[in-house]
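>>> got a predicted model here, sequence first, then my questions.
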Amino acid sequence: MSTAAIGLLYAGATLSAMLAGIPIAFALGFVALAFMFAFMPAASLDTVTQNVYEEMASITLLSIPLFILKGAAIGRSKAGQDLYSAMHAWMHKIPGGLGIANVFACALFAAMAGSSPATCSAIGSAGIPEMRKRGYSPGFAAGIIAAGGTLGILLPPSITMILYAVAAEQSLGRLFLAGIGPGLLLVLLFAGWSVYRFRAEYAVAKRAYEAHGTASAILAEDRYSMRERFSTLPRVLPFVVLLTGVMVALYGGYATPSETAGLGGLLALALIAVIYGVWRPKDVDPILRATLRESTMLMLIIGMSLLYAYVMSYLHISQSAAAAIVAMQLSPWVLLVTILALVIALGFFLPPVSIILMTAPIILPPLKAAGFDLVWFGVVMTITMEMGLIHPPVGLNIFVIKNIAPDIPLKDIIWGTLPFVMLMAVAILLLCLVPGIAMWLPDLLLPTTR
């Protein structure tokens, strides 16, 4: 059987297993084992555990459960609500300030927790009811939180970027730094849309009030004294200091990513113990359980994805696919657009973790041959996968929002997120036109020969 036929059979078997409802990790592992049995020497089955271990024996991957611990500690405390309250108190005078406060709160929380679902849940549980109480339409409120939550896989520390660094064999420090500029760009784009949408809804409410005397809550104005504003800071500043300290330790060369993750996890536990009194075993137990559950699930997906990629490489599927792409002699930008379209299509069905580990062996060699910087592409690919978190049918953040705001119709949530999908596409276009948005910081702080 030809390599092309085996490759098509491999892809078909994978798609069939996933459509059958088998969990991703088991689907990938089952397909990989089946093809090892069918097309590889029998002795290869005896080395499955060794292959998985060798693929996962990366010190960089050790940081994943430690960052998850840090995110779980912050996400399961009241840090998100306090962060949101502080942002709202300082931004309430800006048109659409409540929406902007949620965007900034999502960005800061994402940078501390490193998880999109945790950001949506922590900020959304406080932000969505407050926005709706103040007259924001349900879809608008849901869209802001769903989109803001996606920043969790772009702003450091990002678990998705850790996996990309391993798959692409790129510097994790450079990848983290490269995500900061585009992350801030998305924050500004999201905030700008929030102002525009708020003004539109405010104008509609004002016309209704002038015509019928029906007063909407969106017309009301909040007032905070300077004393009230400063009173919101004591509980928030320690976590901002934690974020700053972790970044300084990582980029200052004082600690490796794994050491930084461990330091961040321990300090996060210490902060919630001091600030929120979360120190008793019964309080810490849910945090440790959540960390263990998410880490086990994620590491199982990583292990099976690496085994899947190993089999694909052994059978020369990935090499043949990459060679076929190169043989098409596409121009660099057409190649990039084609690959990003593939990532968007995969985002309909797969989470970012699986997309990275499954596609990296195929798409990275042609991109490198075309002259693209793989660190820069990692940022572009991450934003593309962010789109997958908020577009149907399997946008994870959409269902997180539906869980914390069950009375908002799913249709409204989806329509509320679509403008933010378009803004992400704009950000990708800007990164293509001005690569320095992503690369100026890593080139400044961690220069390397490229």
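All right, it came through fine.
>>> what about the helices in the stretch 351-450 of the chain?
Ranges of helices within the stretch 351-450 of the chain are 352-369, 374-390, 396-404, 410-433, 436-445, based on DSSP state H, counting those that start in this stretch.
>>> and the third one, what does it pack against?
Under the contact definition 3 or more CB pairs under 8 Å, 6 or more residues apart in numbering; DSSP states H and E, helix 396-404 sits against helix 116-133, helix 138-149, helix 374-390, helix 410-433. All C-beta spots, glycine's among them, are computed from the backbone N, C-alpha and C.
>>> before we move on, the earlier item: let me know which of the helices of the stretch 351-450 of the chain is the nearest to Leu189.
Between Leu189 and the helices of the stretch 351-450 of the chain, the tightest spacing by CB to CB is seen for helix 410-433, at 4.5 Å.
>>> returning to that earlier point: would you mind finding the most buried of the helices and strands packed on helix 396-404?
The densest packing among the helices and strands packed on helix 396-404, expressed as mean neighbour count by mean count of other CB atoms under 10 Å, is seen in helix 138-149 with a mean of 28.
>>> what's the mean pLDDT across the helix or strand following that one?
Downstream of helix 138-149, the next assigned helix or strand under DSSP states H and E is helix 159-168. Helix 159-168 shows an average pLDDT of 87 in the prediction.
>>> and the contacts of helix 159-168?
Here helix 159-168 makes contact (CB atoms under 8 Å, 6 or more residues apart in numbering) with 58, 60-61, 63-64, 67-68, 114-115, 153-154, 170-172, 175-176, 179, 257, 298, 302, 352-353, 356-357, 360-361, 364, 374, 378, 381-382, 385.
>>> what about 7 Å?
Contacts to helix 159-168, defined as CB atoms under 7 Å, 6 or more residues apart in numbering, come from residues 58, 60-61, 63-64, 67, 114, 153, 171-172, 175-176, 179, 302, 352-353, 356-357, 360, 364, 374, 378, 382, 385.
>>> for Ala370, see how far away Phe377 is.
Using CB to CB, to the nearest Å, we find Phe377 at a distance of 10 Å from Ala370.
>>> actually Gln329, not the one I typed
In this view, Gln329 and Ala370 are 10 Å apart by CB to CB.
>>> looking at these two, which is more packed in?
Between Gln329 and Ala370, counted using other CB atoms under 10 Å, the more crowded position is Ala370 (18 against 8).
>>> for burial, what's the neighbour tally of the closest residue to Arg235 other than its chain neighbours?
In space, not counting the residues next to it along the chain, Arg235 is nearest to Asp82; the distance is 4.5 Å by CB to CB, 6 or more residues apart in numbering. The number of residues packed around Asp82, counting by other CB under 10 Å, is 20.
>>> the one helix or strand Asp82 maps to packs against which elements?
In this structure, Asp82 is located in helix 79-91 according to DSSP H and E. Using 3 or more CB pairs under 7 Å, 6 or more residues apart in numbering; DSSP states H and E as the contact test, the elements touching helix 79-91 are helix 97-113, helix 116-133, helix 226-231.
>>> go again using 6 Å as the cut-off
Secondary structure elements in contact with helix 79-91, counted by 3 or more CB pairs under 6 Å, 6 or more residues apart in numbering; DSSP states H and E, are helix 97-113, helix 116-133.
>>> any chance of those in JSON lines, with distance to Tyr314 too?
Rendered in JSON lines, the data for those read as follows (distance: least, CB to CB, whole Å):
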{"stretch": "helix 97-113", "distance to Tyr314": "37"}
{"stretch": "helix 116-133", "distance to Tyr314": "33"}
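>>> output the ones you listed as CSV; include the columns distance to Met91 and mean pLDDT.
Rendered in CSV, the data for the helices and strands packed on helix 79-91 read as follows (distance: least, CB to CB, whole Å; pLDDT from 0 to 100):
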stretch, distance to Met91, mean pLDDT
helix 97-113, 4, 84
helix 116-133, 12, 82
